[in-house]
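In: structural data only, the sequence is not supplied:
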């Protein structure tokens, strides 16, 4: 039986009910995981963390969509790209689970009272790290039309080198922002044990940044020249 002509001409849906459900889970439920696990509803740090995470995600995506309408669609189907690097099919979900596991441990820590609390000055500094990390990551997302969820050369989207905005300072500002958030979260949520998954996922993030940088230098036209101008990948003066 021949296929219906209308169905053949319709483009595949980017935003499906499954994607919406996954987004609600990771964007709304996960940030409040410490509260849900510990049931300490007067835990003001956890409330602030959850609200900042949800607002940061929403605002950054709205601003990015206004500037690059096709970017949100690119990120929504990140696991569907057949040309994504094989190693990133492992690293991308692994890194994505990083914050969730950190928050899971922080919630259990609060429930079972494993760690002594950090001082208020330390928490304020940690909050500065978290805010700076979210701001840097959002800035990178808004500035970079090719900020995909998977490492690949986006030939169908005219992939080009981005050297403006935070990319003037480091080559992977999105990863740098994530590292700041990973560093600040255990302190702000009073969980020394949460540093264990934080360190593990920071190592995974650095490995991913290194492999992505190598891919871009080998396959993206103009990236080697850009790398010669912007020397550092994540931290100016260090790496």
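Out: Received, thanks. Bear in mind that the values here come from a model prediction, so they are computed numbers and not experimental data.
In: how about the nearest residue to residue 148, chain neighbours excluded?
Out: residue 74 (5.5 Å; C-beta to C-beta, 6 or more residues apart in numbering). In this view, the C-beta of every residue, glycine as well, is placed from N, C-alpha and C.
In: contacting residues for that neighbour?
Out: Applying C-beta atoms under 8 Å, 6 or more residues apart in numbering to residue 74 gives the contacts 146, 148-149, 154, 157.
In: the residues you listed: which two are farthest apart?
Out: 149 and 157 (13.5 Å; C-beta to C-beta).
In: tell me which of the two has more neighbours.
Out: Between residue 149 and residue 157, residue 149 has the larger neighbour count (other C-beta atoms under 10 Å), namely 17 against 14.
In: from residue 172, how far out is the residue nearest to the spatial centre of the chain?
Out: Residue closest to the average C-alpha location in the chain (C-alpha atoms, centre = their mean): residue 178, at 6.1 Å. Computed as C-beta to C-beta, to the nearest Å, the residue 178 to residue 172 distance reads 10 Å.
In: what does residue 124 give?
Out: 27 Å.
In: and these two? which has more neighbours close in?
Out: Neighbours around residue 124 and residue 172, counted as other C-beta under 10 Å, are more numerous at residue 172. The numbers are 24 against 11.
In: all helices of the chain, in order?
Out: 5-9, 17-24, 33-38, 44-67, 69-76, 88-96, 98-112, 120-143, 173-188, 195-219, 223-229 (DSSP state H).
In: can you get me a residue count around the closest residue to residue 98 other than its chain neighbours?
Out: Nearest non-adjacent residue to residue 98, counting by C-beta to C-beta, 6+ apart: residue 201, 3.1 Å away. By other C-beta under 10 Å, the residues close to residue 201 number 22.
In: any idea how far residue 201 is from residue 207?
Out: 10 Å.
In: check residue 64 too.
Out: To residue 207, residue 64 is 26 Å away according to C-beta to C-beta.
In: ok, those two, which is more surrounded?
Out: More crowded of residue 64 and residue 207, by other C-beta under 10 Å: residue 64, with 21 against 14.
In: would you mind measuring from the more buried one to residue 142?
Out: In terms of C-beta to C-beta, residue 64 sits 5 Å off from residue 142.
In: okay if I get the helices of the chain as TSV plus mean pLDDT?
Out: Shown next, in TSV, are the helices of the chain (pLDDT from 0 to 100):
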stretch	mean pLDDT
helix 5-9	40
helix 17-24	64
helix 33-38	95
helix 44-67	92
helix 69-76	78
helix 88-96	86
helix 98-112	94
helix 120-143	96
helix 173-188	96
helix 195-219	94
helix 223-229	94
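In: nearest approach to residue 235 belongs to which of these?
Out: With C-beta to C-beta, the closest approach to residue 235 among the helices of the chain belongs to helix 173-188: 6.8 Å.
In: returning to what we had before: let me have the helices of the chain in a markdown table, adding distance to residue 161 as columns.
Out: A markdown table is the format used below for these (distance: least, C-beta to C-beta, whole Å):
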| stretch | distance to residue 161 |
| --- | --- |
| helix 5-9 | 35 |
| helix 17-24 | 29 |
| helix 33-38 | 37 |
| helix 44-67 | 17 |
| helix 69-76 | 16 |
| helix 88-96 | 19 |
| helix 98-112 | 27 |
| helix 120-143 | 12 |
| helix 173-188 | 14 |
| helix 195-219 | 8 |
| helix 223-229 | 5 |
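In: sweet, I'm off.
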